[in-house]
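In: Only the shape, not the letters, is given here:
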Ligand SMILES: O=C(O)[C@H](O)[C@@H](O)[C@H](O)[C@H](O)COP(=O)(O)O
């Protein structure tokens, strides 16, 4: 696991964009495809807008990129709370990605179980597998209590062994969501966690230096079988880390 601390969100976002470009170019060179799952929340907004700038846009063959989301709120795609809407506004609408490569979660579908199954099937078709899709990169955030994607403390989703995507109801509004499960996240080749802000310093310290207690701190459940985990923190979120990284 690699942990890097940055003095501000601008520097962190540039490093995250450079990391994504590197992984994308390696994946496209190796397999002609780069599969990326985005998170929601506010932390990645600067990263996403950077990737849409000319200096970054020109470094990736976006026609070979497949975009998914690791979680989505059960709201319409044009709702201010939609993770799809945020990423589309600041990044995707400005990139030459074929529309059919942008796989938003059908989270506003009334039957959320059917929506979870449909999204899983769409993923498997895109990856050309009937096994667990292995994302090249899943970018995740973390909440102040250690949730990631929409995996929250003490919820049954943390113990899900079969499904890859599932409906949940969570304490952070809007409560109804679809989320990747630990089984799918832990199949990824690269995980990039972004966490900023002093309100996350307790959770960052607990997740990175505390005992393993993923029911308390769901971000600890992320330990890919064959993949690498990278954390990018600002100094505020790293405030409680004992060891210098
Ligand atoms: O849909 C969501 O809410 C996100 O996927 C969630 O997991 C987010 O990444 C964290 O809550 C951090 O959010 P911030 O970046 O806004 O702190």
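Out: Done, it's in. What you are looking at is a predicted structure, and each value in this text was computed from that prediction instead of being measured. Numbering: from 1, shown residues only.
In: Helix, strand, or coil at residue 12?
Out: When classified by DSSP: H, G, I helix; E, B strand; the rest coil, residue 12 comes out as helix.
In: how many neighbours does it have?
Out: Neighbour count of residue 12, defined by other CB atoms under 10 Å: 24. Using the backbone N, CA and C atoms, a C-beta is placed for each residue, glycine as well.
In: And the pLDDT for it?
Out: For residue 12, the model assigns a pLDDT of 98.
In: same question, the one 4 residues further on
Out: For residue 16, the model assigns a pLDDT of 98.
In: Low-confidence ranges, the chain, go.
Out: Filtered on pLDDT under 70, the chain yields the residue ranges 243-245.
In: List, one by one, the residues from it near the ligand.
Out: Within the chain, the residues that sit near the ligand (CB under 6 Å from any ligand atom) are 39-43, 71, 83, 141-143, 147-150, 172.
In: Can you tell me which of those residues is nearest residue 96?
Out: residue 83 (21.5 Å; CB to CB).
In: State the helix or strand in which residue 230 lies.
Out: For residue 230, the host element (DSSP states H and E) is strand 228-234.
In: Pull the residues that contact that strand.
Out: Contact partners of strand 228-234, identified using CB atoms under 8 Å, 6 or more residues apart in numbering, comprise 1-9, 12, 15-16, 19, 189-197, 204, 208, 222-223, 241.
In: ok, and for that strand, which residues are buried?
Out: Buried positions in strand 228-234, judged by neighbour count with 16 or more other CB atoms under 10 Å: 229-234.
In: can you check stretch 170-188 too?
Out: When burial is assessed from 16+ other CB under 10 Å, stretch 170-188 yields the following buried residues: 170, 176-182, 184-188.
In: now swap in stretch 54-72 and tell me
Out: Residues of stretch 54-72 classed as buried: 56, 59-60, 62, 64-72 (neighbour count, 16+ other CB under 10 Å).
In: So residue 183 is in contact with residue 132, correct?
Out: Yes: judged on CB atoms under 8 Å, residue 183 makes contact with residue 132 at a distance of 6.5 Å.
In: tell me, what's touching the two both at once?
Out: Shared contacts of residue 183 and residue 132, defined by CB under 8 Å, 6+ apart, are found at residue 164.
In: about what we covered before: make TSV out of the buried residues of stretch 170-188 and add secondary structure.
Out: TSV is the format used below for the buried residues of stretch 170-188 (three-state DSSP):
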residue	secondary structure
170	coil
176	strand
177	strand
178	strand
179	strand
180	strand
181	coil
182	helix
184	helix
185	helix
186	coil
187	coil
188	coil
